[in-house]
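Student: Give me a model of this one.
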Amino acid sequence: VDAAGGTALWDGPPRPYDAEATAAALWGAAPDNGEETLPTVAACARVRNEGRYLREWIEFHRLAGVSHFYFFDDASTDDTRAILAPYVASGVARVWPMSAKCPKHRADVCADRINDAEHGERGFRDECLRANPDEADWILMTDVDEFLY
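Tutor: The predicted structure is shown next:
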């Protein structure tokens with residue numbers, strides 16, 4: 001709460017724009033060595049029989065700056081796993097199966113179908129945020145038919 005009793009920035013007096021503080025809040029502080037670094041971005045998606053599109057989608061997003069990919073495979077029967085295999089081997093992608101039900105207390109990555117009646121999105125997206133195994137600064141929640149521009 002500010003001096004005027006407001007809780008939001010717009011309730012207080014206007015402040016001059018501070019580009020450095022804004023950049024630090026958005027991108028993180030600059031490293032001590034003086035070099036500029038970009039934030040790491042991971043993409044999280046649930047896939048099912050999307051092997052036909054995966055290579056193009058991954059390569060497009062790598063060019064756009066995504067460095068890691070987290071996939072939850074929902075029982076694919078096509079070549080999805082084969083397409084992802086070289087990306088997994090190189091450390092660019094991680095793949096986990098969707099489960100019927102995950103244990104309540106767990107250390108491993110696990111997403112289940114409990115919320116499928118609610119479009120099935122919440123479980124795997126929450127799990128991406130919880131686990132974030134590559135400690136990405138940002139995580140893009142997306143589908144493989146969506147392209148980030």
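Student: mean confidence score for the biggest helix by length in the chain?
Tutor: With secondary structure taken from DSSP state H, the chain has its longest helix at helix 51-63. The average pLDDT for helix 51-63 rounds to 94.
Student: buried sites along it?
Tutor: Across helix 51-63, burial judged by 16 or more other CB atoms under 10 Å covers 51, 54, 57-58, 61. Placement of C-beta: from N, CA and C, glycine included.
Student: Any idea which helix or strand in this structure has the lowest mean pLDDT?
Tutor: strand 111-112 (a mean of 64; mean pLDDT, DSSP states H and E).
Student: Buried residues in the helix or strand just after that strand, which are they?
Tutor: Toward the C-terminus, strand 111-112 is succeeded by helix 122-131 as the next helix or strand (DSSP states H and E). By 16+ other CB under 10 Å, the buried positions in helix 122-131 come out as 123-125, 127-128, 131.
Student: thinking again about what came up before, for the buried residues of helix 51-63, which one is nearest A136?
Tutor: Among the buried residues of helix 51-63, H61 lies closest to A136 (CB to CB), at 12.7 Å.
Student: Next one: that closest one from C128, what distance?
Tutor: Distance of H61 to C128, given as CB to CB, to the nearest Å: 15 Å.
Student: One more: E59?
Tutor: Here E59 is placed at a distance of 21 Å from C128 (CB to CB).
Student: ok, A136 to R46 distance?
Tutor: Separation of A136 from R46 (CB to CB): 17 Å.
Student: again, but for L140
Tutor: Going from L140 to R46 by CB to CB gives 13 Å.
Student: quick one, strands of this structure?
Tutor: All strands of the chain, identified by DSSP state E, fall at 41-47, 66-73, 93-99, 111-112, 138-141.
Student: Send me the longest helix of the chain as CSV with only the CA atoms.
Tutor: What follows is helix 51-63, C-alpha atoms only, in CSV (Å, rounded to 0.1, in the frame of the first residue of the first chain):
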residue,chain,number,x,y,z
GLY,A,51,4.8,-36.2,-36.3
ARG,A,52,4.1,-34.9,-39.8
TYR,A,53,4.4,-31.3,-38.5
LEU,A,54,6.8,-31.5,-35.7
ARG,A,55,10.2,-31.1,-37.4
GLU,A,56,9.0,-27.9,-39.2
TRP,A,57,7.4,-26.6,-36.0
ILE,A,58,10.6,-27.2,-33.9
GLU,A,59,12.9,-25.8,-36.5
PHE,A,60,10.8,-22.7,-37.0
HIS,A,61,10.7,-22.0,-33.2
ARG,A,62,14.4,-22.6,-32.9
LEU,A,63,14.9,-19.8,-35.4
